[in-house]
Structure formats: C-alpha cells, structure tokens
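Colleague: Give me coordinates for this.
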Amino acid sequence: MERLQVHFLGASETVTGSKFYLHTEEIRLMVDCGLFQGVKELRKQNWESLPIAVKDIDYVLLTHGHLDHCGYLPLLVRQGFRGKVLGTAPTLEIARIILEDSAKIQEEEAERANKEHYSKHDPALPLYTKAEASFAMNFFAPVEEGHEVVLSDHCSVRFLANGHILGSTYLEIDLFGKRLVFSGDVGRQRDELLDAPKRPEWADYLFVESTYGDRLHPDEDVEEILTGLVRDTLKHKGTLIIPSFAVERLQSLMYQLWKLYQRNRIPNIPIFVDSPMGNNVLEVFKKFPDWHKLGPSEYRNMCNHINLVSSYAETWETIDDPRPKIVIAGSGMVTGGRVLTYIKQLADIQTTTILLVGFMAEETRGRKLLEGAQELKIYGKYVPVKAKVHHLESLSAHADQKELLTWMGNIKNVPEKVFLVHGEKSAMEAYGKKIREVQGWDCHIPQMNEMVEILL
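Modeller: Below is the predicted model of the structure:
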C-alpha cells in the first residue's frame, strides 16, 4: 500500500494562492502554483519559502493561467525547482503573459515606492524580476487537452477543459490505481465565449473549488444593465470605468459591448481597453480559435470597434479625453495595473461610474468599493471616492453553487473524501453542507499548510 501526502499550501479557507503538493516515494507533484492576493497576512506569505523540498518536485500541473494559480512559479524556480510545468498550450501562453506583466508591475511599484518613499522597506524590492519570470518559462511544456500524459510508472494525468478561461482545465490524476480530481476553477454552464465545462465521471478523491459555494448568481439582465450604465454615462458626459481581469472577462466585456452596438442598443460611444496584458490575451484568442466560439470575422470586427491603449502616455490621453467614454482596464479586483491610474484621477468626480464585475476577494480595493468605501489608498495616498459604484456578479467566470453541483453530479462512484478549496470559509461551510445534503459525500475543509495522508 502506497502513502500519499497532500500539503495544502494555498487556496485553503481563502480564494487565492492555489498550491497543492502531492508527495509519494515515486513522484512529487504540485497542482497549481499561485500567488496570494488580497489580505495582507496572506500576501506576506508570498515572500516566504515553501515548507517543502522544492528541488524534489518533478512536475507542476497548471489548471489555468490566472495569477493566483501560476504567479508563484518564478519564486518556485528561485527555490530550486527544475522539473516541468505542464498545462495546455493556451494556458502556458496566458501564464507567460501574466508572469511578464506581474514582474513588470512588481518592478514598477518597487521603483515608485523608492522614489516616493511610501514603503516601510528601504529599499523596496520587487517580489521577483522580469528576468526571473522569463527564466521560469524555460520549464514550460504544453500538453494536449484530453490526452493521457504518463508522469511515472504509476502516475498519469489528463487535462480536461472546464470552461473558466481560455485553455483552463480540471485534472484527473491516476495514482497507484486511485483517481484524484482537481477541479481548478470551474466555468459557467452558459458562456458567451467558451463551451460548457466537461464533467468528471469518477473521483476517488475530489478537490473542488468553492468560490461561490454559498450562493447562486443573480438572474441579472446583463444587456439591460450595461445599456442603462452606458446611457447614463452619455447623459452625464462622464466616464464608465470597468476594472477587469485581463483574461476572459475583458474579452467577454468587449464582446458584450460590441454586440449591444451591433444591435443598436447603445450608440458609438468610445470604448478604450487599457490593459497591455489583455491586448496580448486577445492575440491568444486569435492563435487558438478551437478553444472559443468567436469566428475570425467576428473577432476582427470586435477588435476594430475598440480602441486598444498600449502606452502609459495613451492612458493619460484617455483620461484627458473630454468625451463620454467607457474604459476597461486591469486589474479586476483593483489590486494593481492601469485601472489604478484611472480611479486615482477620476474616482472623486460624481459623473464617474465604476462597474465591478465578478468576485472581489477580502481586503482588495474592489471589495472595499463594494462595501461603500469613501476613499481608497492608491500609491501611498488616499483618493476620495465620489463615483457611483455598481456590481455585475452574473458575469463571473466562476460556477455558482448550482453549477458546481451540476459539474460534480456526473461522478458515478462515492468519493472517499471531498476536499473543499479555493473559497472563503463561509462559502466552503455552506457548500460542504449542500454536498452532504444532495450527495451524502464526506467533505473536509483543509486549513492553510495542513497535511493530509492518504493510503492508496
């Protein structure tokens, strides 16, 4: 009988920092390798070495390319990892873009902090550099979706599309005759750009996200809400700022707004997309047409309708543009990126509207705006918030409770254990209770850095 140790190094009673370390005598795997975001106590952990023998890890398996699932990779390599990083081709392409952007932001913020002296650290240092991010990409190795990848004598894995973002997957790891299923972030049953998630049929051990495990997405008329906000922006000659994740959400928003214009629901209001990373992800959509629903001409027409902002100088030109306008800019939870400049300059103007889209983690600026913050700290200074704040939760790329139950409802056996990860504790507890009611399965909520031993 083989012993498997599972170390929960992230996404435990929180939605960020996904890192799960699987250790047997034969093979050592890490599922996802994400950065912590949001709560300061969690972010501080990004600066600490992992409590495992990093140099012994054979493979990192990436479910998808979001920062909270891949952003720790340069630090893993710094700590001695020299194995392979496996993921679908679009996942690795998106991870490359996100790591480059993350490193650039790290370096720029350290430079700004040193120049303006608002950091407690002297000097302020980047978490990692562009050179370190680039070096980490040397270990990337793409895999085919749905194909079995043999990792060792008694271990193989399949990456199966789960509809969250371009290239995203859940994992079926077959290890000494047992199947471990890691959900990654499960997408929606109905999505404008992506197919519905594939569903597992067998899981001896299930590791499932629970971001929205305690709620259902509201039945919102997205088109009606967007139309109303655009018309209100035109009427008051203001700016509609939409903080957005650069991957999937940004492209989905572009598509929604372009469709509204095509159907004469909204006039030809200038739309600016200010996210260098988002612009690069658009190229990934172009490169991998089989992974999404947009046809070539539809994609081309949508892009031609939007003003893509590339340089920081253009950011300021956009801010100074007196016309009513829509600005979509990263990052989605207002934790960094170009959107901070827009909010810093425009949030204290009453004709500005900020539309938050999807989940906002604890202690992020996005969550604070949702909770009615009257000011935000940006680059060491407090910015008054007089803008109107709206929230569109139904555009989330995460499955809600019902959709998660649907996703796991195709499993034919009774899993020996269900581990609830990637959610705030209240969401996990509610989802665990629901799983027990509906399926009767045994659920466990791991604590951060907990180690569970499984006999295979």
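Colleague: buried stuff in stretch 34-42?
Modeller: Buried residues in stretch 34-42, counted by 16 or more other CB atoms under 10 Å: 34-38, 42. Bear in mind the C-beta positions are built from the backbone N, C-alpha and C, glycine included.
Colleague: and residue 441, how many neighbours?
Modeller: 17 (other CB atoms under 10 Å).
Colleague: Tell me the secondary structure of it, please.
Modeller: The local conformation at residue 441, judged by DSSP: H, G, I helix; E, B strand; the rest coil, is coil.
Colleague: Phi and psi next, for it.
Modeller: phi -90, psi 150 (degrees, to the nearest 10).
Colleague: and what of residue 141?
Modeller: The phi/psi pair for residue 141 (degrees, to the nearest 10) reads phi -140, psi 110.
Colleague: And the pLDDT for it?
Modeller: If you check residue 141, the pLDDT there is 98.
Colleague: So it is in contact with residue 83, correct?
Modeller: No - Residue 141 lies out of contact with residue 83 (CB atoms under 8 Å); the separation is 9.6 Å.
Colleague: of the two, who's got more company?
Modeller: Comparing residue 141 with residue 83 by neighbour count (other CB under 10 Å), the higher total belongs to residue 83, at 19 against 12.
Colleague: For that one, give its distance to residue 332.
Modeller: For residue 83, the distance to residue 332 (CB to CB, to the nearest Å) stands at 30 Å.
Colleague: now, which of the buried residues of stretch 34-42 sits nearest residue 114?
Modeller: residue 35 (21.7 Å; CB to CB).
Colleague: Count the neighbours of the closest residue to the closest one other than its chain neighbours for me.
Modeller: With sequence-adjacent residues excluded and distances taken as CB to CB, 6 or more residues apart in numbering, residue 35 is closest to residue 71, at 3.4 Å. For residue 71, the neighbour count with other CB under 10 Å is 30.
Colleague: swap in the one 10 residues further on?
Modeller: Here the number of neighbours of residue 81 (other CB under 10 Å) works out to 24.
Colleague: hang on, it packs against residue 55?
Modeller: Yes - using CB under 8 Å, residue 81 makes contact with residue 55 at a distance of 6.7 Å.
Colleague: Tell me which residue is most central in the chain.
Modeller: Centroid-nearest residue in the chain: residue 66, 4.0 Å away (criterion: CA atoms, centre = their mean).
Colleague: wait, that residue sits on residue 246?
Modeller: No - Residue 66 lies out of contact with residue 246 (CB under 8 Å); the separation is 9.6 Å.
Colleague: pretty sure residue 192 is in a helix, no?
Modeller: No - counting by three-state DSSP, residue 192 falls outside a helix, being coil.
Colleague: how close does it get to residue 253?
Modeller: For residue 192 relative to residue 253 (CB to CB), the value is 10 Å.
Colleague: swap in residue 398?
Modeller: Residue 398 is 16 Å from residue 253, by CB to CB.
Colleague: and if you look at residue 370?
Modeller: From residue 370 over to residue 253 (counting by CB to CB), the distance is 18 Å.
Colleague: Equivalent analysis for residue 92, please.
Modeller: For residue 92 relative to residue 253 (CB to CB), the value is 24 Å.
Colleague: Among these two, which residue is more densely surrounded?
Modeller: residue 253 (26 against 21).
Colleague: you'd agree that one is up against residue 397?
Modeller: No - assessed by CB under 8 Å, residue 253 is found out of contact with residue 397, at 11.4 Å.
Colleague: Please report the distance of residue 136 from residue 33.
Modeller: 9 Å.
Colleague: anything in contact with each of these two?
Modeller: Common contact partners of residue 136 and residue 33 (CB atoms under 8 Å, 6 or more residues apart in numbering): 73, 76, 85.
Colleague: Just give the number of residues close to the second one.
Modeller: What it means is residue 76. 23.
Colleague: quick one, what contacts it?
Modeller: Taking CB under 8 Å, 6+ apart as the test, what residue 76 contacts is 30, 33, 50, 54, 57, 60, 136.
Colleague: make it 7 Å
Modeller: Each residue near residue 76 by CB atoms under 7 Å, 6 or more residues apart in numbering is listed here: 33, 54.
Colleague: Centre of the chain to whichever strand or helix holds it, how far?
Modeller: Assigned by DSSP states H and E, residue 76 belongs to helix 73-78. Relative to the centre of its chain, helix 73-78 is centred 19 Å away, using CA atoms, centre = their mean, to the nearest Å.
Colleague: helix or strand right after that helix?
Modeller: Following helix 73-78 in sequence order, the next helix or strand is strand 84-88 (DSSP H and E).
Colleague: Leaving out chain neighbours, which residue sits closest to residue 214?
Modeller: residue 430 (3.5 Å).
Colleague: Please enumerate residues in contact with the helix or strand of the chain with the lowest mean pLDDT?
Modeller: Using mean pLDDT, DSSP states H and E, the weakest-scoring helix or strand in the chain turns out to be helix 276-287, at a mean of 87. Around helix 276-287, the neighbours that count as contacts under CB under 7 Å, 6+ apart are 90, 93-94, 97-98, 101, 166, 246-247, 250-251, 273, 292, 294, 299, 303, 308, 310, 330.
Colleague: Kindly spell out which helices and strands sit in contact with the helix or strand following it.
Modeller: Reading on from helix 276-287 to the C-terminus, the next helix or strand found by DSSP H and E is helix 296-305. For helix 296-305, the packing partners by 3 or more CB pairs under 7 Å, 6 or more residues apart in numbering; DSSP states H and E come out as helix 249-262, helix 276-287.
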